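Undergrad: Test case, fold it:
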Amino acid sequence: MTKDTTPRQQKNTSTAKRHHSEKQKTELPQSKPATKKATAEIAAPMRIAKAIARAGICSRREAESYIEAGRVTVNGKKISSPALNITGKDIITIDGQPLPENEPVKLWRYHKPKGLVTTAKDEKDRETIFSKLPNDMPRTISIGRLDINTEGLLLLTNDGELARHIELPKTGWLRRYKVRAKGTITQNKFDELKKGITIEGINYGPVQAQVIREQGANCWFTMGLREGKNREIKRICEHLGLNVNRLIRISFGPFMLGDLQSGEVEEIKPHILADQLGPELSEKFSIKPSTAQAQAKQQTKPKNRRTTKPSSNKPGNVPGKGKTHAPQKISRKPTRAGQNNKRPRRIKSKS
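TA: Below is the predicted model:
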């Protein structure tokens with residue numbers, strides 16, 4: 001017999017289940033029958049937390065907490081340590097439910113509005129970004145975080161391993177912000193940040209900053225950084241005598257906020273994601289352009305183009321055109337009607 005709940009309670013309950021609250025047990029996605037393709041993806045030995053993350057259940061760190069809580073079994077046996085390698089032959093369950101078949105890796109651009117928390121469950125019961133996403137979206141993980149008062153571009157993915165790779169500082173993707181702060185600043189002061197700065201014992205890497213304009217008591221500028229430490233921009237600005245009152249992320253690596261409106265979400269096309277990740281990572285995450293996109297790309301190539309290189313560059317052999325006949329010499333002297341173009345023979349006179 002089910003208990004009656006208010007609409008508010010129903011919303012909180014569905015949100016908690018959707019995003020795997022720590023207080024409630026995880027409601028896993030509907031499992032599909034195992035296929036050879038899904039089994040082949042983890043045919044090589046892989047850490048169990050990584051396999052759970054690749055299945056889109058949660059991040060690797062969250063998977064480790066599930067294991068330590070005794071919620072994960074392998075081949076019918078409960079495990080308590082993530083120090084275990086598994087393959088496609090092993091049967092893994094979380095709360096009695098088998099891992100779902102791996103879905104294609106996807107990435108979304110999301111324009112985070114101000115006032116939302118970038119977390120699955122907030123202790124203060126504040127609204128989260130996940131509660132505002134469209135209902136037809138699958139379970140997603142945020143790549144990094146934005147503060148409650150920070151707005152702008154936030155990347156979302158359904159693959160925990162991809163999220164972990166992109167958010168690592170060693171990946172080197174530049175994150176650019178547009179900042180409004182109370183106070184004044186000169187470009188010379190910003191140029192000093194290119195070598196990095198140490199504030200209260202914390203070392204911050206090189207920062208790219210550019211003044212845009214002054215607006216009353218405020219100034220606008222852009223800042224680009226690669227590490228993304230907690231409250232990094234605000235702390236650097238406070239050190240320079242600036243009080244940040246608006247912060248907008250406008251790009252993350254090659255992906256731009258563009259004209260995406262506040263609260264909107266848009267999937268990044270697979271062939272664009274594959275181009276930005278490069279061949280090695282695209283193969284690792286099995287990201288390939290669709291058949292239609294591949295055909296469209298093929299149609300843009302010029303037709304009847306020779307790709308073989310001629311054996312030599314002698315007269316008559318044009319690179320890329322194959323071997324042709326040498327042009328015949330044509331006499332430049334005009335000829336009379338009825339005469340051919342042959343040179344007359346010379347007759348030697350006898351001495």
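Undergrad: Quick check, R176 in contact with G224.
TA: Yes: using Cβ atoms under 8 Å, R176 makes contact with G224 at a distance of 4.4 Å. In short, each C-beta sits where N, CA and C put it, glycine included.
Undergrad: Mind checking which of the two has more residues around it?
TA: Under the neighbour definition other Cβ atoms under 10 Å, R176 and G224 were set side by side, and R176 has more, 20 against 15.
Undergrad: beta partners of that one?
TA: G224, S251 (DSSP bridges).
Undergrad: Quick check: neighbours shared by R176 and G224?
TA: The contact sets of R176 and G224 overlap at Q208 (Cβ atoms under 8 Å, 6 or more residues apart in numbering).
Undergrad: Return the residues in contact with G160.
TA: Here G160 is in contact with I52, A53, R54, G56, I57, C58, S59, R60, E62, A63, I141 (Cβ under 8 Å, 6+ apart).
Undergrad: give me phi/psi at it?
TA: Main-chain dihedrals, G160, degrees, to the nearest 10: phi -70, psi -30.
Undergrad: Chain neighbours aside, what residue packs nearest to it?
TA: Spatially, and ignoring its direct neighbours in sequence, G160 is nearest to A53 (3.0 Å; Cβ to Cβ, 6 or more residues apart in numbering).
Undergrad: hang on, isn't G56 packed against L99?
TA: No: between G56 and L99 there is no contact under Cβ under 8 Å: 9.3 Å.
Undergrad: Name the surrounding residues that touch stretch 210-229.
TA: Contacts of stretch 210-229 (Cβ under 8 Å, 6+ apart): 144, 167, 169, 172-187, 190, 202, 204-209, 232-233, 236, 242, 245, 250.
Undergrad: From those residues, list the buried ones, please.
TA: 167, 173, 175-181, 185, 190, 204, 207, 209, 232-233, 236, 242 (16 or more other Cβ atoms under 10 Å).
Undergrad: what's near enough to touch the residue nearest to G160?
TA: With Cβ under 8 Å, 6+ apart, A53 has these contacts: S59, R60, A63, D159, G160, E161, R164.
Undergrad: Now name the helix or strand holding the last one.
TA: So that's R164. In this assignment (DSSP states H and E), R164 forms part of helix 160-167.
Undergrad: Then L247 would be within a strand, right?
TA: Yes: under DSSP: H, G, I helix; E, B strand; the rest coil, L247 sits within a strand.
Undergrad: Quick check: beta-bridge partners of it?
TA: Going by DSSP bridges, L247 forms beta bridges with T150, V179.
Undergrad: tally of neighbours for it?
TA: 21.
Undergrad: Confirm for me that it is in contact with L153.
TA: No: counting by Cβ under 8 Å, L247 stays clear of L153, with 11.8 Å between them.
Undergrad: Isn't D147 up against I233?
TA: No: assessed by Cβ under 8 Å, D147 is found out of contact with I233, at 9.7 Å.
Undergrad: May I have the residues that are in contact with K78?
TA: By Cβ under 8 Å, 6+ apart, the neighbours of K78 are G70, V72.
Undergrad: so what's it bridging to?
TA: Bridge pairing for K78 - DSSP bridges - gives T73.
Undergrad: repeat for T157
TA: With DSSP bridges as the rule, T157 is bridged to L107, I141.
Undergrad: Could you tell me which residues touch both of D147 and I233?
TA: In contact with both D147 and I233: L247, using Cβ under 8 Å, 6+ apart.
Undergrad: Give me the contacts around stretch 274-281.
TA: Applying Cβ under 8 Å, 6+ apart, the set of residues contacting stretch 274-281 is H165, G253, P254, F255, S282, F285, I287, K288, P289.
Undergrad: Going by distance to K132, which of those wins?
TA: Within those, distances to K132 taken as Cβ to Cβ reach their minimum at F255, with 20.0 Å.
Undergrad: what's Q215 sitting at in phi/psi?
TA: Residue torsions, per degrees, to the nearest 10, at Q215 are phi -140, psi 90.
Undergrad: what residues are up against the closest residue to E264 other than its chain neighbours?
TA: Spatial nearest neighbour of E264, excluding adjacent residues (Cβ to Cβ, 6+ apart): H111 at 5.3 Å. Contacts of H111 were listed using Cβ under 8 Å, 6+ apart, and they are E151, G152, L153, L154, L257, L260, Q261, S262, G263, E264, V265.
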